[in-house]
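Engineer: no FASTA, just this:
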């Protein structure tokens, strides 16, 4: 029997809770740090918990790849009369090869929802924690160039990530320019939350 995405999420949750309770033991966590002076400054029990969690998570990711278990979960977003069901990679899982195609197929519906809920709002691009004002045309062009789109909603702001490359790496700065996400914000006035996605 192959475990499903939901099974893996449940197993990860249970195992991570067990590790933080101290039910999982990692022998010699000091050896994992590798720098004796740093090891002396750290709490060995806490370091052991971190590495136990990391090791288990890596085993789950390896299982996903071997068994081709998707890292995608589905999230529902409703704003007024507009509803969207969108795929996203679960924060503790990885994207397998076929997940990128699912993200790409959802791009148009994500962008359509974005345009429906951002009517009469202003647009910004977040670049290295600096805001750049965008025109409607620039937002449309960015949407066309992206391989897939991710969406989130704040209290008074809408966040759109227009992504490309490897879904496992697109949110890390080190992966740029091969993988990445342009982060856009729609709001009635200058956005307040700059730490998004």
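Structural biologist: Perfect, thanks for sending it. This one's a predicted model, so the numbers in the text were calculated from it and none came from an experiment. Numbers count the residues shown, from 1 in each chain.

Engineer: Longest helix in this structure, please.
Structural biologist: Longest helix in the chain, counting residues (DSSP state H): helix 44-67.

Engineer: For this structure, just list every one of the strands.
Structural biologist: With DSSP state E as the criterion, the chain has strands at 72-79, 82-89, 122-127, 130-134, 148-153, 157-164, 180-187.

Engineer: could you dump those strands to TSV with mean neighbour count?
Structural biologist: (Glycine included, C-beta is placed from N, CA and C.) Below are the strands of the chain laid out as TSV (neighbours: other CB atoms under 10 Å):
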stretch	mean neighbour count
strand 72-79	13
strand 82-89	17
strand 122-127	18
strand 130-134	13
strand 148-153	20
strand 157-164	22
strand 180-187	21
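
Engineer: right, and those - which one's nearest residue 23?
Structural biologist: strand 72-79 (26.3 Å; CB to CB).

Engineer: Now do that closest one: everything it contacts.
Structural biologist: Contact with strand 72-79 is made by 5, 9, 83-90, 95, 99, 102-103, 113, 117, 151, 153, as judged by CB atoms under 8 Å, 6 or more residues apart in numbering.

Engineer: how much does that strand deviate in direction from strand 157-164?
Structural biologist: Angle of strand 72-79 versus strand 157-164, following axes from the mean of the first three to the mean of the last three CA atoms, to 10 degrees, is 150 degrees.

Engineer: Now do the residue lying closest to residue 152 once chain neighbours are set aside against residue 118, distance only.
Structural biologist: Leaving aside its chain neighbours, residue 152 sits nearest to residue 159 (4.4 Å; criterion: CB to CB, 6 or more residues apart in numbering). Distance, residue 159 to residue 118, by CB to CB, to the nearest Å: 11 Å.
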